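Participant: Let's see this in three dimensions:
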Amino acid sequence: MFNQTEGVIQTWFDIWDVQGTKRGEIIVAKQGFADDPFHSNVDSHYLTILSNPWFEDGQQTIQTWDLERMELTYECTISQADMDEDHSCHTKNGIVYICDDSGRISEYWAVDGRPISRKMADMEWNSDRWRRFSDGSRIVWAKWLTLYTNEGDVVQRFKVKQGKGYCLEAGILFDRFIFSISWREKSKHATLMVYSKTGKKLTSSRVAVRGRCLRWFIDIAGRLVLIWDTCTSMEIVDFRGLLQRRRDSQRYSYVESYEK
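Facilitator: Next up, the predicted model:
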């Protein structure tokens, strides 16, 4: 909530737990906002608040609060030199970044105080679209589909991408496999690829492109359900059929369609 009366500017945040009990409130003597959902690490939860750099004195302050203890754990102000170079602050996946307009990072730190390497910071910064395995390794497809270790090292960059004229969706199955669905705009078919957790190609298949936007989920039986924006039916792909086809060297897959 934001309030400005008699020249006094305040922003305050009411903090509630999942049981609906109010834990407290945070009051910032500036116009501020939470730039990222709160970050959790084990039993600790953190909220990072940024002040509006275009309001009042033009400086941007950064505050991180421990929501369990309702205590301010970190506060800093972006230097005037950084402001003169059009540097600004962003929070993402539990990391605070100071970067320029082109996205080049000059400083970074974890909101919970844990040490973090530059390669981990870069991976998190580029993780606009991602899925994570239980061991912390992950796939990211901000542009090229890329497999990372839990330390931020690149394991493999796959030859599928999204960008101008290219569309890409990806996901994780059974915490063991990676799949991707890629197609070109105006194409009638997409390529479904299945990889091992280490990035080895296992099998591939084709699915029909039935719209411009694709939504998907894994159902309770472990099958991939595809929903296109302009189609009245759902397509269901059984991964067991795809993987069995690879083992038996037989050309078949199990696909069903259901009307919405």
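Participant: how about the nearest residue to C99 once chain neighbours are set aside, what does it touch?
Facilitator: Among residues not flanking C99 along the chain, I105 sits closest, at 4.7 Å (C-beta to C-beta, 6 or more residues apart in numbering). Placement of C-beta: from N, CA and C, glycine included. Neighbouring residues of I105 by C-beta atoms under 8 Å, 6 or more residues apart in numbering: 97-99, 121-122, 125.
Participant: From these, list just the buried residues.
Facilitator: Among the contacts of I105, those scoring as buried are 97-99, 121, 125 (criterion: 16 or more other C-beta atoms under 10 Å).
Participant: where does the stretch 101-250 of the chain dip in pLDDT?
Facilitator: Applying pLDDT under 70 to the stretch 101-250 of the chain flags residues 241-250.
Participant: Can you show me the helices along it?
Facilitator: Ranges of helices in the stretch 101-250 of the chain, per DSSP state H, counting those that start in this stretch, are 118-125, 239-248.
Participant: Packing partners of the shortest one?
Facilitator: Think helix 118-125. strand 95-99, strand 105-110 (3 or more C-beta pairs under 8 Å, 6 or more residues apart in numbering; DSSP states H and E).
Participant: what about D238, how many residues close to it?
Facilitator: For D238, the count of nearby residues is 16 (other C-beta atoms under 10 Å).
Participant: From A221, how far out is it?
Facilitator: From D238 across to A221, the span is 8 Å (C-beta to C-beta, to the nearest Å).
Participant: tally of neighbours for D101?
Facilitator: Other residues close to D101 by other C-beta under 10 Å number 9.
Participant: residue contacts, it?
Facilitator: By C-beta under 8 Å, 6+ apart, the residues touching D101 are 86, 88.
Participant: And it, how far from D86?
Facilitator: Per C-beta to C-beta, D101 is found 5 Å from D86.
Participant: Over to K186?
Facilitator: In terms of C-beta to C-beta, K186 sits 38 Å off from D86.
Participant: likewise G94?
Facilitator: Taking C-beta to C-beta, one finds G94 at 25 Å from D86.
Participant: Tell me which of the two has more neighbours.
Facilitator: Using other C-beta under 10 Å as the criterion, G94 and D86 rank with G94 on top: 20 against 10.
Participant: And that one, its phi and psi?
Facilitator: When read as degrees, to the nearest 10, the backbone of G94 gives phi 80, psi 10.
Participant: Verify the stated contact: it with H39.
Facilitator: Yes - G94 is in contact with H39 according to C-beta atoms under 8 Å; the separation is 3.6 Å.
Participant: what sits in contact with each of the two?
Facilitator: With C-beta under 8 Å, 6+ apart, G94 and H39 have common neighbours 46, 111-112.
Participant: now the residues you listed as JSON lines including distance to L214?
Facilitator: Conversion of these to JSON lines gives the following (distance: C-beta to C-beta, whole Å):
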{"residue": "Y46", "distance to L214": "34"}
{"residue": "V111", "distance to L214": "33"}
{"residue": "D112", "distance to L214": "35"}
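Participant: Include neighbour count and distance to W216 when you put the residues you listed into a markdown table, please.
Facilitator: Shown next, in a markdown table, are the shared contacts of G94 and H39 (neighbours: other C-beta atoms under 10 Å; distance: C-beta to C-beta, whole Å):
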| residue | neighbour count | distance to W216 |
| --- | --- | --- |
| Y46 | 22 | 32 |
| V111 | 24 | 32 |
| D112 | 19 | 32 |
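Participant: picking up where we left off before, ok, the contacts of I105 vs D66, which is closest?
Facilitator: Y97 (20.3 Å; C-beta to C-beta).
Participant: where do the strands sit along the stretch 1-150 of the chain?
Facilitator: Here the stretch 1-150 of the chain has its strands, by DSSP state E, counting those that start in this stretch, at 2-5, 8-16, 22-28, 32-34, 39-41, 44-51, 61-66, 71-77, 88-92, 95-99, 105-110, 130-132, 138-140, 144-148.
Participant: go on, the stretch 151-260 of the chain?
Facilitator: 154-161, 166-173, 177-184, 189-196, 201-208, 214-218, 224-228, 233-238, 254-259.
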